[in-house]
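**Q** here are the coordinates; sequence isn't available:
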């Protein structure tokens with residue numbers, strides 16, 4: 001196709017041969033040409049059919065006179081490519097094949113040019129070739145390419161990963177959309193086939209074997225059936241090592257397999273979180289039910305206990321009041337002494353009644369008014385009341401308290417009950433264990449916004465179940481179950497906490513934590 005005229009004219013051939021070429025060309029629906037090339041690569045057209053000449057809009061005599069006219073019919077953007085192919089074929093004497101564009105009278109057409117050389121006795125090559133108009137084919141290819149690009153554009157904008165592969169051979173991957181690459185981290189440059197994808201998506205051999213077998217069974221069933229693979233769950237390892245839960249479904253389209261991945265990772269996480277939340281809710285409900293039952297039992301116990309206490313107290317109180325009334329008229333010294341004793345007995349009975357009522361309100365979880373209370377006064381009052389008993393038991397008491405007032409919001413009487421429970425509990429533990437040189441240390445410490453009251457001893461320590469977080473109910477070892485329950489309930493009512501631990505002295509350490517109050521403008525009673 002790349003004729004180069006020699007220094008002397010090249011004869012077109014005999015009239016009989018030209019007539020034979022013309023006769024043959026009329027019955028073939030493509031353009032035919034015959035070209036002779038010399039060893040110096042010069043060449044000339046011997047023949048061109050009417051169909052061939054019509055494609056380039058030339059006459060045979062003009063083409064034979066100036067072979068370069070054929071190049072002028074080639075699109076300017078494709079001429080250099082055609083020349084390069086032509087020189088390579090003429091130099092090597094190998095078959096020539098090229099397809100490109102023609103530009104004739106402003107109209108562009110696509111052609112396919114193909115010729116085969118035959119060696120001649122004089123050392124020349126006789127090239128017999130065809131030129132076929134492939135414009136319709138190119139147009140269909142371009143339309144198909146445009147449709148494919150449009151399809152890829154649509155698939156790339158889908159919010160789910162999509163991929164396709166060939167069914168035959170190694171099942172080469174043909175397409176992976178953008179969401180696939182963004183979700184899993186792989187593209188066509190990093191995975192080439194279905195087997196390559198499985199290798200990367202399932203690095204663990206056992207998991208890979210399981211999913212490969214399941215996939216092959218599903219694909220075989222689809223090929224035997226309607227070509228559809230229903231959605232099934234897969235856990236895929238991404239390129240960054242993370243894992244995604246997906247539903248994978250696929251369909252067979254001729255020799256293609258198209259798969260879609262629905263990412264359900266967040267859904268699975270939400271389902272798991274919901275299941276955990278429901279489990280926690282059920283556990284909380286059981287705990288609340290147990291707490292209600294415990295409080296109900298405590299309320300019943302408190303009511304029964306106060307009832308049992310109130311009856312003899314009422315009898316003592318009434319008896320004291322009657323005795324005082326009968327002695328009001330007597331004027332002898334003995335009667336005066338009896339009146340004083342009976343008055344003291346009456347006052348103590350009234351105080352015991354008030355304490356019993358406080359205990360009942362506490363155990364029934366009845367919220368009492370909270371006023372500013374100086375915790376230092378509460379501690380001093382309890383120690384004053386119990387110091388004699390502790391001294392008689394041979395127990396040394398060390399007290400370290402802040403000199404400045406330590407204000408908390410609460411019920412002074414209930415707080416006194418708390419301290420009055422902690423110290424006897426420590427005393428009982430020391431006496432039961434027959435501790436040598438028994439000792440109790442009490443400390444009241446404060447920080448910026450909290451107060452801590454710590455009671456420690458050098459006794460045997462708390463039972464292991466209490467230290468492990470066991471419930472503070474009745475029946476604990478050492479008789480401290482009810483006492484600790486009363487303390488814990490009081491702290492809950494005061495927004496505080498009770499912590500159990502081991503003391504540096506070797507025994508138990510009980511720490512009461514209170515939210516601290518700023519110093520009030522007026523000094524209220526400690527309760």
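**A** Everything's here; your move. No experiment lies behind these values; they were computed from the predicted model shown.
**Q** Go through the top strand by length along the chain and flag the buried ones.
**A** As assigned by DSSP state E, the longest strand anywhere in the chain is strand 107-119. Within strand 107-119, the residues scored as buried using 16 or more other CB atoms under 10 Å are 109, 110, 111, 112, 113, 114, 115, 117. (Each C-beta comes from the backbone N, C-alpha and C, glycine too.)
**Q** Show me the contact partners of that strand.
**A** 1, 33, 35, 37, 55, 75, 89, 93-102, 125-135, 137-138 (CB atoms under 8 Å, 6 or more residues apart in numbering).
**Q** Test my guess that residue 123 contacts residue 39.
**A** Yes: using CB atoms under 8 Å, residue 123 is in contact with residue 39, at 5.5 Å.
**Q** and these two? which has more neighbours close in?
**A** residue 39 (11 against 8; other CB atoms under 10 Å).
**Q** Let me see the backbone angles for that one.
**A** Main-chain torsions, residue 39, degrees, to the nearest 10: phi -60, psi -30.
**Q** ok, it to residue 425 distance?
**A** 121 Å (CB to CB, to the nearest Å).
**Q** Next: residue 275.
**A** Residue 275 is 43 Å from residue 425, by CB to CB.
**Q** Same drill for those two, tell me which one is more crowded.
**A** Neighbours were tallied for residue 275 and for residue 425 using other CB under 10 Å; the higher tally belongs to residue 425 (25 against 10).
**Q** how about that one, secondary structure?
**A** helix (DSSP: H, G, I helix; E, B strand; the rest coil).
**Q** In this structure it contacts residue 500, no?
**A** No: assessed by CB under 8 Å, residue 425 is found out of contact with residue 500, at 11.4 Å.
**Q** Does residue 453 have any beta-bridge partners, and if so which?
**A** Note on residue 453: beta-bridge partners by DSSP bridges are residue 444, residue 512.
**Q** how much space between it and residue 170?
**A** From residue 453 across to residue 170, the span is 78 Å (CB to CB).
**Q** Between those two, which has more neighbouring residues?
**A** Comparing residue 453 with residue 170 by neighbour count (other CB under 10 Å), the higher total belongs to residue 453, at 25 against 12.
**Q** Local confidence estimate at the more buried one?
**A** At residue 453, the model reports a pLDDT of 89.
**Q** cool, and the one 3 residues further on?
**A** The model reports residue 456 with a pLDDT of 93.
**Q** pretty sure it is in a strand, no?
**A** Yes: judged by three-state DSSP, residue 456 forms part of a strand.
**Q** give me the number of residues near the nearest residue to it once chain neighbours are set aside?
**A** Setting aside the residues directly before and after it, residue 456 is nearest to residue 503 in space (CB to CB, 6 or more residues apart in numbering), at 3.7 Å. Per other CB under 10 Å, the neighbour tally for residue 503 reads 21.
**Q** wait, what's in contact with residue 503?
**A** Residue 503 touches 441, 456, 457, 458, 461, 509, counting by CB under 8 Å, 6+ apart.
**Q** With distance to residue 46 and neighbour count added, can I get the residues you listed in CSV?
**A** Shown next, in CSV, are the contacts of residue 503 (distance: CB to CB, whole Å; neighbours: other CB atoms under 10 Å):
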residue, distance to residue 46, neighbour count
441, 124, 20
456, 121, 23
457, 125, 28
458, 125, 24
461, 118, 20
509, 117, 18
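**Q** As CSV, these with distance to residue 270 would be great.
**A** Output for those, formatted as CSV (distance: CB to CB, whole Å):
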residue, distance to residue 270
441, 53
456, 49
457, 52
458, 54
461, 47
509, 44
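**Q** starting at the chain centroid, how far to the helix or strand that contains residue 377?
**A** Applying DSSP states H and E as the criterion places residue 377 in helix 375-392. Chain-centre distance of helix 375-392: 56 Å, with CA atoms, centre = their mean, to the nearest Å.
**Q** Check the gap between residue 29 and residue 170 for me.
**A** For residue 29 relative to residue 170 (CB to CB), the value is 40 Å.
**Q** Any regions of the stretch 201-350 of the chain where pLDDT drops low?
**A** For the stretch 201-350 of the chain, the stretches flagged by pLDDT under 70 are 295-322, 324, 326-337, 347-350.
**Q** one step back: and the contacts of residue 503, which is closest to residue 287?
**A** Within these, the smallest distance to residue 287 is 26.6 Å, found for residue 509 (CB to CB).
**Q** Tell me the pLDDT of the nearest residue to the closest one once chain neighbours are set aside.
**A** The shortest distance from residue 509 to any non-neighbouring residue, by CB to CB, 6+ apart, is to residue 503 (3.9 Å). What the model reports for residue 503 is a pLDDT of 89.
**Q** Need phi/psi at residue 503.
**A** Taking degrees, to the nearest 10 as the convention, residue 503 sits at phi -80, psi 150.
**Q** From residue 465, how far out is it?
**A** Residue 503 is 18 Å from residue 465, by CB to CB.
**Q** Quickly note the distance from residue 458 to residue 508.
**A** With CB to CB as the criterion, residue 458 and residue 508 are 9 Å apart.
**Q** just to revisit the earlier point, if I look at the residue nearest to residue 456, how far off is residue 280?
**A** Note on residue 503: its distance to residue 280, by CB to CB, is 35 Å.
**Q** Repeat that for residue 512.
**A** 29 Å.
**Q** Please apply the same query to residue 154.
**A** 45 Å.
**Q** tell me, what residue is most central in this structure?
**A** Nearest residue to the geometric centre of the chain (CA atoms, centre = their mean): residue 269, 6.4 Å.
**Q** Return the residues in contact with that one.
**A** Contacts of residue 269 by CB under 8 Å, 6+ apart: none found.
**Q** give me the element it is part of.
**A** Residue-wise, residue 269 maps onto helix 265-327 under DSSP H and E.
**Q** What of residue 240?
**A** Applying DSSP H and E, one finds residue 240 in no helix or strand.
**Q** residue contacts, the nearest residue to it once chain neighbours are set aside?
**A** Of all residues not flanking residue 240 in the chain, residue 185 sits nearest, at 5.7 Å (CB to CB, 6+ apart). By CB under 8 Å, 6+ apart, the contact set of residue 185 is 238, 239, 240.
**Q** Between these, which sits nearest residue 405?
**A** Distances from residue 405 to the contacts of residue 185, taken by CB to CB, are shortest for residue 240, at 60.6 Å.
**Q** Now the closest one. Its backbone dihedrals?
**A** Here residue 240 shows phi and psi, under degrees, to the nearest 10, equal to phi -80, psi 10.
**Q** Kindly provide the distance from it to residue 164.
**A** Counting by CB to CB, the gap from residue 240 to residue 164 is 24 Å.
**Q** neighbour-wise, which of these two wins?
**A** Neighbours per residue (other CB under 10 Å) separate residue 240 from residue 164, with residue 164 holding more: 17 against 7.
**Q** which element is that one on?
**A** strand 162-166.
**Q** what about that strand, average pLDDT?
**A** 92.
**Q** Sheet partners, orientation included, of that strand?
**A** Strand 162-166 pairs in its sheet with strand 173-176 (antiparallel), strand 256-263 (antiparallel), by DSSP bridges.
**Q** Pull the distance from the last one to the chain's centre.
**A** Between the centre of strand 256-263 and the centre of its chain there are 24 Å (CA atoms, centre = their mean).
**Q** neighbouring contacts of that strand?
**A** So strand 256-263 is in contact with 160-167, 171, 174, 180, 183, 219, 229, 231, 236, 244-251, going by CB under 8 Å, 6+ apart.
**Q** try 7 Å
**A** Residues from elsewhere that reach strand 256-263 (CB atoms under 7 Å, 6 or more residues apart in numbering): 160-167, 174, 183, 244, 246-251.
**Q** Quick one: buried ones out of those residues?
**A** Buried among the contacts of strand 256-263 by 16+ other CB under 10 Å: 161, 162, 163, 164, 165, 183, 244, 246, 247, 248, 249, 250.
**Q** can you redo those as TSV with distance to residue 384?
**A** Shown next, in TSV, are these (distance: CB to CB, whole Å):
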residue	distance to residue 384
161	78
162	83
163	84
164	90
165	89
183	74
244	70
246	74
247	75
248	79
249	82
250	85
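**Q** Just name the closest of those to residue 225, please.
**A** residue 250 (12.6 Å).
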